[in-house]
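Asker: when you get a sec, could you give me coordinates for this:
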Amino acid sequence: MNEHMHVQRLIISTVLLLVTVLAACSATSGGDADPRTIEVAMTDDLRYDPDELIVRAGETVRFLVRNEGTMVHEFLIGTPEDQAGFEEEMVAGHGGGHGDEVGVTVDPGDMVELTYTFGAEGDLLVGCHQPGHYAGGMVANLTVEG
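Answerer: Numbers count the residues shown, from 1 in each chain. Have a look, this model is predicted:
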């Protein structure tokens, strides 16, 4: 009977230790953590600040995009091919709705939030496709690291 109680105590101790370890691991895994915030300013000099961004594959980023200028600006995320498509839409007069999931349009003096989850590693661009802005250099490099 003593040996039986000893085995029960050993099992209970092991289970409690396992539950404690699992709780500690889930608390530090970052699964429910808030996304990282990156602030980006846009200016009438047709620039983003910063103009080089680095994120991780699978990372969710909360962009706070502030228009410090007097003109409307955009913050659109995409591949070079996506950016060419956004530019074609704008030139054709259909650029008002590039898609809320890939970017935002920001009025002068306003700040808009965009939460974006990045896929596989690679090189992306951020662009503004208001008339003449992209061609004028309103582009930022965005690197997605593995």
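Asker: okay, and the spatially most central residue of the chain sits in which element?
Answerer: Nearest to the geometric centre of the chain sits V61, at 2.8 Å (Cα atoms, centre = their mean). According to DSSP states H and E, V61 maps onto strand 60-67.
Asker: ok now that strand, how far from the chain's centre?
Answerer: 8 Å (Cα atoms, centre = their mean, to the nearest Å).
Asker: could I have the CA atoms of the helix or strand hosting E87 written out in CSV?
Answerer: Here E87 sits within helix 80-91, counting by DSSP H and E. Taking Å, rounded to 0.1, in the frame of the first residue of the first chain, the C-alpha atoms of helix 80-91 are listed here in CSV:
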residue,chain,number,x,y,z
PRO,A,80,7.0,45.2,-58.5
GLU,A,81,4.3,43.6,-60.7
ASP,A,82,1.6,44.6,-58.2
GLN,A,83,2.9,48.1,-58.2
ALA,A,84,2.8,48.2,-62.0
GLY,A,85,-0.8,47.1,-61.8
PHE,A,86,-1.6,49.8,-59.2
GLU,A,87,0.0,52.4,-61.5
GLU,A,88,-2.0,51.2,-64.5
GLU,A,89,-5.3,51.3,-62.5
MET,A,90,-4.5,54.9,-61.4
VAL,A,91,-3.6,56.0,-65.0
